[in-house]
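Undergrad: Show me how the following folds:
(chains A and B)
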Amino acid sequence: GAVVSQHPSWVICKSGTSVKIECRSLDFQATTMFWYRQFPKQSLMLMATSNEGSKATYEQGVEKDKFLINHASLTLSTLTVTSAHPEDSSFYICSARPGTGVTRYTFGSGTRLTVV
Amino acid sequence: QQQVKQSPQSLIVQKGGISIINCAYENTAFDYFPWYQQFPGKGPALLIAIRPDVSEKKEGRFTISFNKSAKQFSLHIMDSQPGDSATYFCAASPGANNLFFGTGTRLTVIP
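TA: I've put the predicted structure just below:
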């Protein structure tokens, strides 16, 4: 149990276009989802926390207008990278948690974004 | 500011040996300490986790040792295998909120 599906696993896009990444909890309802960014050989950096039905909370330094997060249902959260630039190229990972006060975090398999 | 400090950055161990990775924290509000294993191009997978009310937890070849007074915890991998070669992250969470990750340790187990 506790499977999180992230799609796509990799994407290449042209500079200036937008890319949407989906994160789905397959066998549980994810009250809270987290989005991370990971540069090569570095740790995971939390970008934002989203609770179903409410606006995402972004970490300091993360542009909310550039990284649009939607958590419209208990099983789906999306991250849209708008007007992507080469510096947005990175590995993006989502994580889902079934409820508040619960420490079980399940991670997706990640999305490799390359902006050319 | 790095909330969880992890060492070493990389580690090479012979097959059958013991791999030891250490982490330290300052925030006494942390009450959940998981370890994650990550293979290249994949998301992290939970290995084992501990809460501060116990000093040790063992699951198979993986053991967490926790020292609350020193605010340190470590992962021991017994009988290390080449398949254990991956990047390991410690993490900490205050009251089931966000996870704060360590900087990662790249483990290589040589045959």
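
Undergrad: show me what contacts the residue of chain B found nearest chain A?
TA: Of all residues in chain B, residue B:43 sits closest to chain A, with a separation of 3.8 Å (C-beta to the nearest C-beta). All C-beta spots, glycine's among them, are computed from the backbone N, C-alpha and C. Residue B:43 makes contact with A:4, A:6, A:93, A:95, A:107-110 under the criterion C-beta atoms under 8 Å, 6 or more residues apart in numbering or on different chains.

Undergrad: Secondary structure element holding residue 11?
TA: This is for chain A. Element membership of residue A:11 [criterion: DSSP states H and E] is strand A:10-13.

Undergrad: um, chain B though
TA: Using DSSP H and E, residue B:11 falls within strand B:10-14.

Undergrad: Does anything pack onto that strand? Which helices or strands?
TA: Applying 3 or more C-beta pairs under 8 Å, 6 or more residues apart in numbering or on different chains; DSSP states H and E, we find strand B:10-14 packed against strand B:19-25, strand B:105-110.

Undergrad: and the residue of chain A found nearest chain B, what does it touch?
TA: Closest residue of chain A to chain B, C-beta to the nearest C-beta: residue A:107 (3.8 Å). Applying C-beta under 8 Å, 6+ apart, we find residue A:107 in contact with A:4, A:93-95, B:36, B:43-45.

Undergrad: burial count for residue A:81?
TA: Residue A:81: 23 surrounding residues under other C-beta atoms under 10 Å in any protein chain shown.

Undergrad: dump the residue contacts of it.
TA: By C-beta under 8 Å, 6+ apart, the contact set of residue A:81 is A:18-21, A:66-67, A:88, A:113.

Undergrad: Next up, the contacts around residue B:94.
TA: Counting by C-beta under 8 Å, 6+ apart, residue B:94 makes contact with B:27, B:29-31.

Undergrad: and it, what pLDDT?
TA: Here the pLDDT value assigned to residue B:94 is 89.

Undergrad: For it, give me phi and psi.
TA: phi -100, psi 110 (degrees, to the nearest 10).

Undergrad: Quick check: it vs residue A:57, distance?
TA: For residue B:94, the distance to residue A:57 equals 15 Å [C-beta to C-beta, to the nearest Å].

Undergrad: re earlier: what's the closest non-adjacent residue to the residue of chain A closest to chain B?
TA: For residue A:107, ignoring the flanking residues on the chain, the nearest one in space by C-beta to C-beta, 6 or more residues apart in numbering or on different chains is residue B:43 at 3.8 Å.

Undergrad: which SS class is the one you found?
TA: coil (DSSP: H, G, I helix; E, B strand; the rest coil).

Undergrad: and it, how far is that from residue A:51?
TA: On the measure of C-beta to C-beta, residue B:43 and residue A:51 end up 21 Å apart.

Undergrad: can you pull the contacts of residue 82?
TA: Going with chain A. A:18, A:65-68.

Undergrad: looking at chain B here, not the other one
TA: Residue B:82 sits next to B:15, B:109-111 when contact means C-beta under 8 Å, 6+ apart.
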